[in-house]
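> any chance you could fold what I've pasted below:
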Amino acid sequence: TKFLSVWNESTEEIIRGANVDNINTLFVACVSADGTESFLEEPNPQSPVTPTFIAEGNLTVTQKGIRSVILSADDSYRVKFMTPVRSKIPMTITATISAAYVASDVRSKIIETILAEYGETQPGSRRGTVKPLYKRVYSLLREKIPALSDANADITVSITEYEGEYRPELWRFVSTDSLTVTVTAVNVLPPAWGN
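Below is the predicted model:
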């Protein structure tokens with residue numbers, strides 16, 4: 001699958017409230033490798049988009065297969081499918097590096113590194129509600145890009161969070177159009193002797 005998230009009634013009721021129809025139910029949001037399932041777009045993570053339930057007659061072959069696997073493991077469950085909600089993660093990275101490095105090369109490497117970790121096709125993004133942690137992003141960039149681990153380099157990262165509670169139907173990832181990277185190369189002079 002391109003995206004798969006499965007959650008139980010407890011998680012569902014934290015998000016959308018208690019309902020007797022949720023008893024002994026597993027909820028699934030998925031998009032198969034061929035992408036035949038419908039999904040919704042959430043253009044602004046600060047304005048949540050509500051998923052919709054998918055009617056039995058509209059289930060795809062992949063969805064029916066997932067249901068079959070779940071029921072073969074435990075046929076006491078009911079399985080309900082929801083539309084996944086794609087939500088690009090807005091991320092801004094600003095870096096200052098030594099003039100010994102080429103700013104455009106460092107910028108390209110930052111983009112490559114972030115997309116390799118948080119891009120749409122990466123394993124973490126395919127599971128539901130990926131949440132890049134600042135600590136991990138800083139560590140990743142310093143580990144992968146020598147110019148950013150230099151003693152004279154500085155970097156700031158800003159990640160726009162989605163609004164509200166954890167939502168397991170969210171297919172979150174960073175894309176080239178949700179990632180803004182600015183790199184500035186500056187001359188750094190070491191302190192003079194005797195000062």
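> which helix is the longest one in the protein?
With secondary structure taken from DSSP state H, the chain has its longest helix at helix 103-118.
> and the next element down the chain from that one?
helix 134-144 (DSSP states H and E).
> touching that following helix from outside, list them.
Outside helix 134-144, the residues that touch it by C-beta atoms under 8 Å, 6 or more residues apart in numbering are 91, 93, 109-110, 113-114, 117, 148-149, 155, 157, 159. Every residue, glycine included, has its C-beta placed from N, CA and C.
> farthest pair in those?
Greatest spacing in the contacts of helix 134-144, by C-beta to C-beta: Ser149 and Ile159 (20.7 Å).
> who's more crowded, these two?
Ile159 (17 against 12; other C-beta atoms under 10 Å).
> just list the residues touching the more buried one, thanks.
The contact partners of Ile159, by C-beta under 8 Å, 6+ apart, come to 89-91, 132, 134, 137.
> ok, which stretches of the protein are helices?
9-16, 61-73, 103-118, 134-144, 146-149.
> just want the angle from the fourth one to helix 103-118.
Counting by axes from the mean of the first three to the mean of the last three C-alpha atoms, to 10 degrees, helix 134-144 points 130 degrees away from the direction of helix 103-118.
> could you chop the protein up by domain?
3-85, 88-186 (the TED database).
> avg pLDDT for the last one?
Pointing back at domain 88-186 there. Taken as a whole, domain 88-186 has an average pLDDT of 92.
> tell me the span between the first and last residue of that domain.
Domain 88-186 stretches 32 Å from its first residue to its last (C-alpha to C-alpha, to the nearest Å).
> the shortest one now?
End-to-end distance of domain 3-85: 10 Å, with C-alpha to C-alpha as the criterion.
> any chance of the helices of the chain in JSON lines, plus distance to Val85?
Conversion of the helices of the chain to JSON lines gives the following (distance: least, C-beta to C-beta, whole Å):
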{"stretch": "helix 9-16", "distance to Val85": "12"}
{"stretch": "helix 61-73", "distance to Val85": "16"}
{"stretch": "helix 103-118", "distance to Val85": "17"}
{"stretch": "helix 134-144", "distance to Val85": "23"}
{"stretch": "helix 146-149", "distance to Val85": "33"}
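> how about those helices, which one is nearest Thr50?
When the helices of the chain are compared (using C-beta to C-beta), the closest one is helix 9-16, at 8.6 Å.
> show residues contacting the closest one.
Looking at what lies outside helix 9-16 - C-beta under 8 Å, 6+ apart - the contacts are 19, 22-25, 27, 165-168.
> quick check: beta-bridge partners of Val85?
Beta-bridge pairing for Val85 (DSSP bridges): Leu40, Leu170.
> done for today, thanks.
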